[in-house]
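# what follows is a predicted protein model with its sequence.
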2 protein chains.
Amino acid sequence: MTDEMPFTGEPVDSHEAIMRATFYALQEHGYAGLSIQRIADEADLSKSTFYHHFDGKDDLLLSFLEFILEEFDRVFQLERTGDPEADLKTFFGIVLGAYDFCEEIPAEEEFLEAYVELRAQAVRNPEYRAKFTETDRRFADRIAALVEEGVEKGVFADVDPDRTAQFLMSALDGITLRNATRNDDAMPAMRDAIDDYIRNRLLAENAE
Amino acid sequence: MTDEMPFTGEPVDSHEAIMRATFYALQEHGYAGLSIQRIADEADLSKSTFYHHFDGKDDLLLSFLEFILEEFDRVFQLERTGDPEADLKTFFGIVLGAYDFCEEIPAEEEFLEAYVELRAQAVRNPEYRAKFTETDRRFADRIAALVEEGVEKGVFADVDPDRTAQFLMSALDGITLRNATRNDDAMPAMRDAIDDYIRNRLLAENAE
């Protein structure tokens, strides 16, 4: 994890201010309730300022998606320290909020909720689909490279790196989706389940 | 899997006709674009007919969610034949469309897309959250009971049934979410990954 979660410092320019206002308007009204007017109200800017920056609501929301995905890339970085087991656990710990320091990150839950709402738009929106497909692939490639490193070093069992990466990313997405849309807190059980998978399926000493 | 997928026969009454029209309007316009007018157009019914059945759009959409979740329950039944390995594989095969006969089910993909769009609404809507929490628990309990049966019979390794069920359901939700929101077809790799998990983590002969 780098520096800080999105939207925690002061916005650096009007583009970031608009992105932040969109984030808060999304939290307040949901994707279906978003409008330029509501985002402008949130940002304390006039609607004409928006139309100076963007062609309209769809253009603004596509920019917002790009912004959120870049933030994802920045926040959920995969560190490579040469210890693939530790690196994988660190990555999952960050995404699943397994560490105490994550409680200090106020925006993480809302950030993942925004991800779920935006991702669901990709069911109908081909531009969103293209963005998520690209982002998925980038994350999966990184995880696959880490798994491959572990297999080569003999730390991980002889698994297929790409398939394992797809599976882990799917499990993460499912955990994120479920956690953002339930009343109960299933996260501890899901963290245990991911740990169990790493320990019993991935680690060479246990798996084979 | 029972009889047939939803929306494949003739609707049995006006309630089902409205549910079907909502399903098609959702497919055409997305959740954010749903309106009573559009659903009425789809159903070839007057708006006043809708207000006879429902208090308004929110009431209609909550009924639609209940309808879809009941259909989920009906379609994705978990058969219990006394062979937990086969039963688990059958269940995943149905949800992941692993069998040839699934190609004959025209509505399955759209059905899962509707699930993703409705589920994302639960981020903001407490009534939706309550419904999904309840449905999740019902499915997870069934999977856990099946895993427990497998552990007791010595077919599965000595895993924690509840944790395993939560993990499998999360992976399924993640696969469903990703598959509904990407351009490429990641499904074959994900089916392989689920098979790999069952074979190498769950089956007693391999896992321990």
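Thanks, I have it. Residues are numbered from 1 along each chain as shown, chains lettered A, B, ... in the order given.
# next secondary structure after the helix or strand residue A:178 falls within?
Taking DSSP states H and E as the criterion, residue A:178 maps to helix A:161-180. Under the assignment DSSP H and E, the closest C-terminal helix or strand after helix A:161-180 is helix A:187-197.
# relative to residue A:32, how far out is the residue nearest the centre of chain A?
Centroid-nearest residue in chain A: residue A:72, 4.8 Å away (criterion: CA atoms, centre = their mean). In this view, residue A:72 and residue A:32 are 22 Å apart by CB to CB, to the nearest Å. (C-beta placed from N, C-alpha, C; glycine too.)
# and the helices in chain A, which stretches?
A:14-29, A:36-43, A:47-53, A:57-75, A:84-95, A:108-121, A:126-152, A:161-180, A:187-197, A:204-207 (DSSP state H).
# just how off-centre is stretch A:23-41 within its chain?
Relative to its chain's centre, stretch A:23-41 lies at 20 Å (CA atoms, centre = their mean, to the nearest Å).
# give me the residues contacting that stretch.
If you take CB atoms under 8 Å, 6 or more residues apart in numbering or on different chains as the criterion, stretch A:23-41 is touched by A:6-7, A:18, A:21-22, A:42, A:46-47, A:49-51, A:56-57, A:60-61, A:64, A:68, A:110, A:113-114, A:117-118, A:120-121, B:31-32, B:120-121, B:123-125.
# now do 6 Å
Stretch A:23-41 is contacted by residues A:7, A:21-22, A:42, A:47, A:50, A:57, A:110, A:114, A:117, B:31-32, B:124 when judged by CB atoms under 6 Å, 6 or more residues apart in numbering or on different chains.
# pLDDT score for the spatially closest residue to residue A:57 that is not a sequence neighbour?
In space, and not counting its chain neighbours, residue A:57 is closest to residue A:36: 5.5 Å by CB to CB, 6 or more residues apart in numbering or on different chains. Model confidence at residue A:36, given as pLDDT, is 92.
# now do residue A:3
49.
# from residue A:77, how far out is residue A:19?
20 Å.
# looking at these two, which one has more neighbours?
Counted by other CB atoms under 10 Å in any protein chain shown, residue A:19 and residue A:77 do not tie: residue A:19 has more neighbours, with 23 against 14.
# give me the number of residues near the closest residue to the more buried one other than its chain neighbours?
Using CB to CB, 6+ apart and skipping residues adjacent in sequence, the residue nearest residue A:19 is residue A:67, 4.7 Å away. The local packing of residue A:67 (other CB under 10 Å) involves 18 other residues.
# again, but for the one 3 residues further on
For residue A:70, the number of neighbouring residues by other CB under 10 Å comes to 13.
# again with residue A:57
Residues lying near residue A:57 (other CB under 10 Å) number 14.
# do you know the pLDDT at it?
90.
# cool, the one 3 residues further on as well?
Looking at residue A:60, its pLDDT stands at 93.
# that one and residue B:89: what is the separation?
46 Å.
# and these two? which has more neighbours close in?
residue A:60 (20 against 16).
# hang on, that one packs against residue A:53?
No: taking CB atoms under 6 Å as the definition, residue A:60 is not a contact partner of residue A:53, at 7.6 Å.
# picking that back up, number of residues surrounding the residue nearest to residue A:57?
Number of residues near residue A:36 (other CB under 10 Å) recorded here: 16.
# list the buried ones in stretch A:183-191?
A:186, A:187, A:189, A:190, A:191 (16 or more other CB atoms under 10 Å in any protein chain shown).
# for the residues you listed, which one is nearest residue B:96?
Of all the buried residues of stretch A:183-191, residue B:96 sits closest to residue A:190, with 20.0 Å by CB to CB.
# gap between the closest one and chain B?
6 Å (CB to the nearest CB, to the nearest Å).
# quick one: contacts for that residue?
Applying CB under 6 Å, 6+ apart, the residues near residue A:190 are A:175, B:166, B:170.
# pLDDT wise, what is it at?
With respect to pLDDT, residue A:190 has a value of 83.
# and if you look at the one 4 residues further on?
Looking at residue A:194, its pLDDT stands at 89.
# ditto for residue A:104
pLDDT, residue A:104: 45.
# then the one 10 residues further on?
Model confidence at residue A:114, expressed as pLDDT, equals 92.
# can you tell me the closest non-neighbouring residue to it?
The shortest distance from residue A:114 to any non-neighbouring residue, by CB to CB, 6+ apart, is to residue A:26 (5.7 Å).
# what's the answer for residue A:163, then?
Residue A:163's closest residue in space is residue B:193 (CB to CB, 6+ apart), at 5.0 Å.
# right, and the one you found touches residue A:167 too?
Yes: using CB under 6 Å, residue B:193 is in contact with residue A:167, at 3.5 Å.
# need the overlap of contacts for those two.
In the contact map built from CB under 6 Å, 6+ apart, no residue is linked to both residue B:193 and residue A:167.
# break chain A down into its domains, please.
Following automatic domain parsing, one gets these domains for chain A: A:1-75, A:79-208.
# pick the most deeply packed of those domains.
Comparing the domains of chain A by mean neighbour count (mean count of other CB atoms under 10 Å in any protein chain shown), domain A:79-208 ranks first with a mean of 18.
# and for the helix-or-strand element of chain A with minimal mean pLDDT, what's in contact with it?
One helix or strand of chain A scores below all others by mean pLDDT, DSSP states H and E: helix A:204-207, with a mean of 74. By CB under 6 Å, 6+ apart, the residues outside helix A:204-207 that reach it are A:154, A:156, A:157, A:200, A:201.
# repeat that with 8 Å
Contacts for helix A:204-207 (CB under 8 Å, 6+ apart): A:154, A:155, A:156, A:157, A:158, A:159, A:199, A:200, A:201, B:200.
# from the residues you listed, which single one is nearest residue A:135?
Closest approach between the contacts of helix A:204-207 and residue A:135, by CB to CB: residue A:159, at 23.3 Å.
# tell me the contacts of that closest one?
Taking CB under 8 Å, 6+ apart, we find residue A:159 in contact with A:147, A:151, A:201, A:202, A:207, B:196.
# tell me the spacing between residue A:131 and residue B:201.
33 Å.
# tell me where chain A is predicted with low confidence.
The model of chain A has pLDDT under 70 over residues A:1-8, A:98-107, A:207-208.
# repeat that with 80
Scanning chain A for pLDDT under 80 picks out A:1-12, A:75-77, A:97-108, A:186, A:205-208.
# surely residue A:202 is in contact with residue A:157?
Yes: assessed by CB atoms under 8 Å, residue A:202 is found in contact with residue A:157 at 6.3 Å.
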